[in-house]
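[1] turn this into a structure:
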Amino acid sequence: MLTRLRIKGFKNLRDVDLRFGPFTCIAGRNGVGKSNLFDAITLLSDLASMPVMKAALKVRGTNGRIADVESLFTRDKSGAAKSIEFVAEMIVSPNVVDDFDREAKPTATFVEYTLELRLNPRSTDATTRDPIYIEREELRAKRSSDAAKELPFNPGGAWIKRHIAGPGKRRVPFIETKPAEGTDQNVIVLRGEVQQREVGERTGRPPEIPARKSPQTVLSGVNTISHATALAARREMQSWRLLQLEPSALRKSDEFRSDSHVSSTGEHLPATLNRLGSNADVAARLSDLIPGIYSVEVDLDDVRETLTLMVTMRDKLAYAASSLSDGTLRFLALAVLASDPESTGLVCMEEPENGIHPLRIPEMLSLVRSLADVADSETSDVLAESSPRQVIINTHSPLVVAELPPDELLMAQTLRLKGSEFVEFKPLWNTWRAKVAGLGANDIITLGELLNYLQGAAPTKRIKGETRVADVAEAAELRQVDLNFVAT
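    The predicted model follows:
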């Protein structure tokens with residue numbers, strides 16, 4: 001679970017510091033830069049699995065061209081920034097399996113990962129060195145005793161005990177960057193679970209990797225349980241994905257031996273449903289959005305060895321996925337993901353309201369929110385089996401904003417600075433983000449700004465039992481509150 005992300009120098013994210021709970025909605029007009037946040041998250045995820053240049057060339061805007069990687073660095077009138085810095089705080093799984101199917105427990109489940117990439121201006125084409133190199137990489141444990149203070153979304157003591165453990169007496173970083181002896185270059189040090197002075201272990205010298213010469217992050221090369229905490233952080237980052245459901249992928253049948261997990265494009269719905277066995281929960285979730293749904297099944301063809309998704313309507317007629325509408329298939333994929341206990345990690349979604357009738361937006365949001373561990377009813381102190389599920393969506397729709405609890409909303413706005421435009425993210429007043437130390441009146445969305453954004457949003461069916469953004473705004477308007485006043 002990604003709990004905090006600080007970004008400097010990436011696209012129009014000049015200098016942002018965002019905190020996340022289980023569910024977050026980033027709202028703002030088209031073109032403000034909401035998608036750049038998702039690009040940053042997916043870049044971090046890719047950097048945990050592949051070389052730096054390969055990950056950079058996957059980012060939107062580079063068009064797969066080495067000459068365009070400079071576009072990833074923030075630009076102003078003076079030119080492009082020389083570095084990109086990410087600092088990600090995350091909760092990782094208390095159990096991790098390495099590439100050899102061996103299981104271990106990390107020393108800490110609450111960690112901070114730092115990565116700084118620098119632009120090499122002397123490298124402009126494929127005939128010279130890579131134009132991006134690693135300047136700094138670090139992985140440090142955060143103390144479980146500080147979790148309540150570090151997690152301002154107030155998950156509760158039982159939740160913290162279930163998801164956060166360690167690091168005990170550990171103080172040295174798992175990954176650290178330091179100057180190389182006798183040179184002006186940096187080396188990255190990778191330490192295992194027992195390579196620490198506090199336990200008095202006699203261990204060999206940890207490996208030192210030249211930072212600038214390394215084609216990939218040190219974290220991306222960790223694949224054994226001897227570095228269980230670093231491996232858990234890598235697995236967590238690998239689980240971050242941008243869900244971009246494609247109709248052609250959603251309509252595909254599967255082979256008997258296909259991967260039984262829904263991909264980022266929506267492939268493998270039949271195989272995933274077949275693994276889940278009972279599909280009653282999926283059908284129930286889907287029927288909230290499409291009342292005509294009676295059941296969802298998987299047809300097994302033993303001759304062709306294929307799996308085909310079938311939906312039966314109330315008239316008892318069954319339809320294959322290939323004949324269903326794009327909207328129905330998208331809902332079905334979300335319902336399957338919400339019902340799958342093996343679907344973990346962070347899911348990013350862009351404008352999930354697209355193609356949805358306005359009257360169905362509350363039900364759609366309820367389904368999307370069910371992908372996240374919004375309300376952890378488990379009160380046991382026993383450590384959880386995996387990190388919490390999490391969802392981040394973006395939207396430009398006032399209808400979506402109006403339906404959300406205020407705590408789940410961040411507004412993206414344009415920041416004009418020295419003739420250039422960047423993006424900044426602001427919480428609503430009197431929410432847990434607004435109470436974070438250091439935020440001033442200019443860092444919080446006023447009632448006037450919120451009402452202007454909601455203008456034209458028609459009343460819709462509410463999410464049962466929760467206070468919506470629209471309720472807060474309407475109540476403030478009825479009281480004739482000064483729209484420039486920010487509640488504290």
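[2] in the helix or strand containing Thr414, what's buried?
    Using DSSP states H and E, the element containing Thr414 is strand 409-417. Residues of strand 409-417 classed as buried by neighbour count (16 or more other CB atoms under 10 Å): Leu409, Leu410, Met411, Ala412, Gln413, Leu415. Every C-beta, even on glycine, is put in place using the N, C-alpha and C of the backbone.
[3] export those residues to CSV and tack on distance to Pro173 and pLDDT?
    Listed next are the buried residues of strand 409-417 as CSV, based on distance: CB to CB, whole Å; pLDDT from 0 to 100:
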residue, distance to Pro173, pLDDT
Leu409, 35, 96
Leu410, 30, 97
Met411, 35, 96
Ala412, 33, 96
Gln413, 36, 94
Leu415, 33, 93
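[4] tabulate these (TSV), appending distance to Thr183.
    Output for these, formatted as TSV (distance: CB to CB, whole Å):
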residue	distance to Thr183
Leu409	49
Leu410	43
Met411	47
Ala412	43
Gln413	44
Leu415	39
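[5] which among the residues you listed gets closest to Glu297?
    Relative to Glu297, the closest of these is Leu409; by CB to CB it sits at 37.9 Å.
[6] if I look at that closest one, how far off is Leu245?
    Leu409 is 24 Å from Leu245, where distance means CB to CB, to the nearest Å.
[7] do the same with Gly21
    Distance, Gly21 to Leu245, by CB to CB: 24 Å.
[8] Tyr294 too?
    Applying CB to CB, the value for Tyr294 to Leu245 is 23 Å.
[9] pick out whichever of the two has more residues nearby.
    Regarding Tyr294 and Leu245, a neighbour count based on other CB atoms under 10 Å identifies Leu245 as having more, with 22 against 14.
[10] what's near enough to touch that one?
    Contacts for Leu245 were tallied using CB atoms under 8 Å, 6 or more residues apart in numbering; they are Thr265, Gly266, Leu329, Arg330, Ala333.
[11] turn the residues you listed into TSV, including pLDDT and distance to Ser71.
    Converted to TSV, these look like this (pLDDT from 0 to 100; distance: CB to CB, whole Å):
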residue	pLDDT	distance to Ser71
Thr265	95	25
Gly266	95	29
Leu329	91	34
Arg330	90	31
Ala333	92	32
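[12] would you map the helices across the stretch 101-250 of the chain?
    Listed in chain order, the helices of the stretch 101-250 of the chain (DSSP state H, counting those that start in this stretch) span 147-150, 157-163, 228-238, 247-250.
[13] and Lys213, which of the ones you listed is closest to it?
    If you check each of the helices of the stretch 101-250 of the chain against Lys213 by CB to CB, helix 228-238 wins as the nearest, at 20.1 Å.
[14] what's that closest one in contact with?
    Counting by CB under 8 Å, 6+ apart, residues outside helix 228-238 touching it are 1, 44-45, 47-49, 88, 90-93, 96, 98, 104-109, 111, 113, 139, 141, 166-167, 174-175, 190, 193, 219-220, 222-225, 345, 387.
[15] any quick ChimeraX command for the buried ones out of the residues you listed?
    Isolation of the buried members of these (16+ other CB under 10 Å) is achieved in ChimeraX through the command below:
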select :1,44,45,47,48,88,90,91,92,93,96,98,104,105,106,107,108,109,111,113,139,141,166,167,174,175,190,193,219,220,222,225,345,387
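[16] out of the contacts of helix 228-238, which sit inside strands?
    Secondary structure of those is defined by DSSP state E; positions in strands are Ala88, Met90, Ile91, Val96, Ala104, Val111, Tyr113, Leu139, Ala141, Ile175, Leu190.
[17] separation between the nearest residue to the fifth one once chain neighbours are set aside and Asp101?
    This points to Ala104. Take Ala104 and drop its neighbours on the chain: the residue closest to it by CB to CB, 6 or more residues apart in numbering is Ile225, 3.7 Å away. The gap separating Ile225 from Asp101 is 10 Å, by CB to CB.
[18] and the strand holding Thr414, which strands flank it?
    strand 23-27 (parallel), strand 420-427 (antiparallel) (DSSP bridges).
[19] reformat these into JSON lines and put mean neighbour count and mean pLDDT next to each item.
    As requested, the strands paired with strand 409-417 are arranged in JSON lines below (neighbours: other CB atoms under 10 Å; pLDDT from 0 to 100):
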{"stretch": "strand 23-27", "mean neighbour count": "24", "mean pLDDT": "97"}
{"stretch": "strand 420-427", "mean neighbour count": "20", "mean pLDDT": "95"}
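[20] pop the domain breakdown of the chain in here.
    1-240+348-488, 245-344 (automatic domain parsing).
[21] mean pLDDT for those domains: which is lowest?
    Between the domains of the chain, the one with the least mean pLDDT is domain 1-240+348-488; it has a mean of 86.
[22] gap between that one and the chain center?
    For domain 1-240+348-488, the distance between its averaged C-alpha position and the chain's averaged C-alpha position is 6 Å (CA atoms, centre = their mean, to the nearest Å).
[23] identify the bridge partners of the closest residue to Asp17 other than its chain neighbours.
    The spatially closest residue to Asp17, leaving aside those adjacent along the chain, is Arg6, at 4.8 Å (CB to CB, 6+ apart). Counting by DSSP bridges, Arg6 is bridged to Asp17, Val87.
[24] which ones are touching the one residue sitting closest to the centre of the chain?
    Nearest residue to the geometric centre of the chain (CA atoms, centre = their mean): Leu346, 3.9 Å. Taking CB under 8 Å, 6+ apart as the criterion, Leu346 is in contact with Met1, Leu2, Ile41, Ser239, Trp240, Arg241, Gln390, Val391, Ile392.
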